[in-house]
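**Student:** A structural model of the following input is requested.
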Amino acid sequence: MDFSLNELQTMLADSISRFIDNEYDFDTRQSYADSERGFSDAVWAKFAELGWTAVPFAEEDGGIGGTPVDVMVLMENLARGLVVEPYLPNILLAGGVLSRTASEAQKEQWLHPIIAGELQATLAFHEPQARYEISDIATTATPDGNGWRLNGNKGVVPNGGTADLVIVPARTTSDRAAEDGITLFAVPAGELSCQDYPTVDGLRAAEITLDDVFVDADHVLGQPGAGFAPLDATLDDATLAVCAEAVGLMRALTDKTVEYSKQRVQFGVPIGSFQALQHRMVDMLMACEQARSVLIWAVMTHAAGEDSKRAISSIKYLIGNAGQKVGEEAVQIHGGMAVTWDLDVAHMFKRLTVINRMFGNADWHLDRLAVQ
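**Tutor:** Residues are numbered from 1 along each chain as shown. Sure thing, here's the model as predicted:
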């Protein structure tokens, strides 16, 4: 089987690499992360100009018809720059739901501006009581004339503080944890109560409260009560995307650690000449290669339209363990400087730690594997 990149994927990887090398060094990244919005609107516009925001979408929706493999290449390469621009919440989460459920009029109103880089959006899928069970939704939507009234709370909403549009899953019928009875709503951000805050990985999230929020009937995405399937499929895409990002981070940490070991001198010789450290760095490289192999299998299984739940849980479990190991080794070999705010290694490790807890941690996915 040929695992080499095709022409589009090679061009995509090269364009991201040039962008990071020439325009997105670590200090620049930090200045964007520390800004009021937590990212650069100019950089986001450049993402759209370069076509990166169009990658996952069908041509008829204004995209370039990219596959899950294309998204893997994009996320793996963006990881090297620790990019803070909201690709995951805006394109893969909100855009993923809209591409699956929105009518043509709704796509014209919301999806096309997202692809053009003109609209910020997110998906508020997590609730405090649910942990990682996406069907456990306590937020309710009750009919009210020509619309719905929404009440509930959503937690750790990525890009929630800067989003213009928030997609909200709410329960319209059935029991709280049932898969049926979930409806998806496109809610203007101005209708919500939002508390924005920075996260440990340099990004931003928000706690969102819906207190008797009225939503017009034409803001319902798809059929009422049938929101679980598109929500579940979107989160599968997002899980693979953050796993690809994690693999990119793992490789960047390994490369930086090897390079540092060649420069750091102790007892008159580079520390990379110490056999014990060589063994540890080889283990880091092996973990990277194993993770990338499983990632490719999982993404190709998903792209083929097969039942990919087992593959997704396999890579997420592996990332949770191997990523933690690679991050810890990178920090230890770099020494005390690796936990300072001024070194990118520390931020990469923090991002890996957050990814481990997104869309189900390693233990949760191991339990899911055990029952499949």
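**Student:** Which parts of the stretch 201-350 of the chain are helices?
**Tutor:** Counting by DSSP state H, counting those that start in this stretch, residue ranges of the helices within the stretch 201-350 of the chain are 228-263, 275-303, 309-334, 344-357.
**Student:** For S4, find the nearest of those.
**Tutor:** In terms of C-beta to C-beta, the element of these nearest to S4 is helix 275-303, at 11.3 Å. From N, CA and C alone the C-beta is placed, and that goes for glycine too.
**Student:** Of all the residues in the closest one, which ones are buried?
**Tutor:** Of all the residues in helix 275-303, those buried under the rule 16 or more other C-beta atoms under 10 Å are 277, 280-281, 284-285, 287-288, 291-292, 294-296, 298-303.
**Student:** same deal with stretch 359-372?
**Tutor:** F359, G360, N361, A362, W364, H365, L366, R368.
**Student:** One more: stretch 312-322?
**Tutor:** Under 16+ other C-beta under 10 Å, the buried positions of stretch 312-322 are I312, S313, S314, I315, K316, Y317, L318, I319, G320, A322.
**Student:** Next: stretch 327-339.
**Tutor:** In terms of neighbour count (16+ other C-beta under 10 Å), stretch 327-339 has its buried residues at G327, E329, A330, V331, I333, H334, A338.
**Student:** Relative to the whole chain's centre, how far out is it?
**Tutor:** Distance of stretch 327-339 from the chain centroid (C-alpha atoms, centre = their mean, to the nearest Å) equals 25 Å.
**Student:** that older thread, dump the buried residues of stretch 312-322 to a markdown table, plus distance to V156 and pLDDT.
**Tutor:** Below are the buried residues of stretch 312-322 laid out as a markdown table (distance: C-beta to C-beta, whole Å; pLDDT from 0 to 100):
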| residue | distance to V156 | pLDDT |
| --- | --- | --- |
| I312 | 20 | 95 |
| S313 | 21 | 95 |
| S314 | 25 | 95 |
| I315 | 22 | 96 |
| K316 | 17 | 96 |
| Y317 | 21 | 96 |
| L318 | 23 | 95 |
| I319 | 19 | 94 |
| G320 | 18 | 93 |
| A322 | 24 | 93 |
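**Student:** Mind checking which of the buried residues of stretch 359-372 land in strands?
**Tutor:** Among these, no residue falls in strands (DSSP state E).
**Student:** close enough to count as contact, F26 and D344?
**Tutor:** Yes - in this structure, F26 is within contact of D344 by C-beta atoms under 8 Å, at 4.6 Å.
**Student:** These two - which one has more neighbours?
**Tutor:** The residue with more neighbours, out of F26 and D344, is D344; 19 against 14, by other C-beta atoms under 10 Å.
**Student:** Just the pLDDT at the more buried one, thanks.
**Tutor:** Looking at D344, its pLDDT reads 92.
**Student:** what's the distance between it and T28?
**Tutor:** To T28, D344 is 12 Å away according to C-beta to C-beta, to the nearest Å.
**Student:** swap in P198?
**Tutor:** Look at P198 and T28: by C-beta to C-beta, they are 18 Å apart.
**Student:** For stretch 242-257, what is the distance to the chain centroid?
**Tutor:** 15 Å.
**Student:** what does the average pLDDT come to for that stretch?
**Tutor:** The model assigns stretch 242-257 a mean pLDDT of 96.
**Student:** In it, which of the residues would be classed as buried?
**Tutor:** Going by neighbour count (16+ other C-beta under 10 Å), the buried part of stretch 242-257 is 242-254, 256-257.
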